[in-house]
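Undergrad: Sequence first, then the predicted structure, then my questions.
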There are 2 protein chains.
Amino acid sequence: MVAYTLSDDEVDRIFKALADRTRRDIVRRTLIAEASISELAKDYEMSFAAVQKHVAVLEAADLVARTPRGRERIILGNPEAIRRAQQLLGQYETIWRGRIDRLDALLAEDPPTPGN
Amino acid sequence: MVAYTLSDDEVDRIFKALADRTRRDIVRRTLIAEASISELAKDYEMSFAAVQKHVAVLEAADLVARTPRGRERIILGNPEAIRRAQQLLGQYETIWRGRIDRLDALLAEDPPTPGN
DNA sequence: TTAATATGAAACCAAATGGTTGCATATACT
DNA sequence: AGTATATGCAACCATTTGGTTTCATATTAA
């Protein structure tokens, strides 16, 4: 299992990209099946250009890939980026478990005495 | 295992809160050990008020809890919120696996014939 | 009681965000 | 060749974000 090290900038981009429901929906859809930008755009109540911008944000975060096919641009979700974000959150879980371990250690020590 | 259902607004708040390196550091630190806002603020190159605002963003996303203790406010990271975010990303993984299964099914079908 | 500390909250500011419209260009269809 | 479609990109706009400073209030310490 390779451990990816993401820079602060990369992590910023990933979470910022995921912090918008339209973008999360695009990720979800393009993980299910590829779609062109105009196919995606049909289903949102906003302009084509707005959807295009959302896709650009996702691509900058490497959450989707954009491949030309004729006059279209095919968007495909990138499960690897999602996995990296998940691993990142997993590290916080590990940190927290460390705190619990330390608390347990404290409680396992000699019970506190007035003179201690 | 209880499945939490987060509203779009809640998910927006969580990822937006995590999309800032100072806030991620505050989460990390307060998962390790509780800290007052001023203790946190000492270690960042910004005003106390700025750190106070970051804590407010994290609290709104339920990523930390703020408990009064005397004149201080003690900040403690909330591992449950992190876990929920992780589960959310896990759902995307599941979605993606569905695509792979469908692709496998396609490949397992009768090989394509010109007349098909 | 007075001084110091910790927080809260408001007003302000520059930059980023999320949307728009309009126009240019590339590709496909007839 | 001419038209329709898909995209890219720029300019613009309102709102949000991430910072600041300032002032008020609550609590602790001397």
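TA: Ah, there it is. These figures come from a predicted structure and were not determined experimentally.
Undergrad: mind listing what the closest residue to DNA strand D within chain A touches?
TA: The nearest approach of chain A to DNA strand D comes at A:S38, 2.9 Å away (C-beta to the nearest atom of the strand). Placement of C-beta: from N, CA and C, glycine included. Counting by C-beta atoms under 8 Å, 6 or more residues apart in numbering or on different chains, A:S38 touches A:F48, A:E72.
Undergrad: can you tell me if the strand or helix carrying it touches DNA strand C.
TA: Take DSSP states H and E as the rule and A:S38 turns out to sit in helix A:37-42. No: judged by C-beta under 7 Å from any atom of the strand, helix A:37-42 makes no contact with DNA strand C; its nearest approach is 9.3 Å.
Undergrad: And for stretch A:13-24?
TA: Yes: Stretch A:13-24 reaches DNA strand C (C-beta under 7 Å from any atom of the strand) through A:K16, A:A19, A:D20, A:T22.
Undergrad: And for that stretch, what's in contact with it?
TA: A:6, A:27, A:44, A:46, A:51, A:54, A:57-58, A:60-63, A:81, A:84-85, B:8, B:11-12, B:15-16, B:18-19.
Undergrad: For chain A, which residues are neighbours of DNA strand C?
TA: A:16, A:19-20, A:22, A:45-47, A:49-50, A:53-54, A:57, A:70-71.
Undergrad: Now do the helix ranked longest in chain A and helix B:79-108, the angle between them.
TA: For chain A, the helix that runs over the most residues, judged by DSSP state H, is helix A:79-108. If you take axes from the mean of the first three to the mean of the last three C-alpha atoms, to 10 degrees, helix A:79-108 sits at 140 degrees to helix B:79-108.
Undergrad: other SSEs contacting helix A:79-108?
TA: If contacts are counted by 3 or more C-beta pairs under 8 Å, 6 or more residues apart in numbering or on different chains; DSSP states H and E, helix A:79-108 sits against helix A:8-18, helix A:21-32, helix B:21-32, helix B:79-108.
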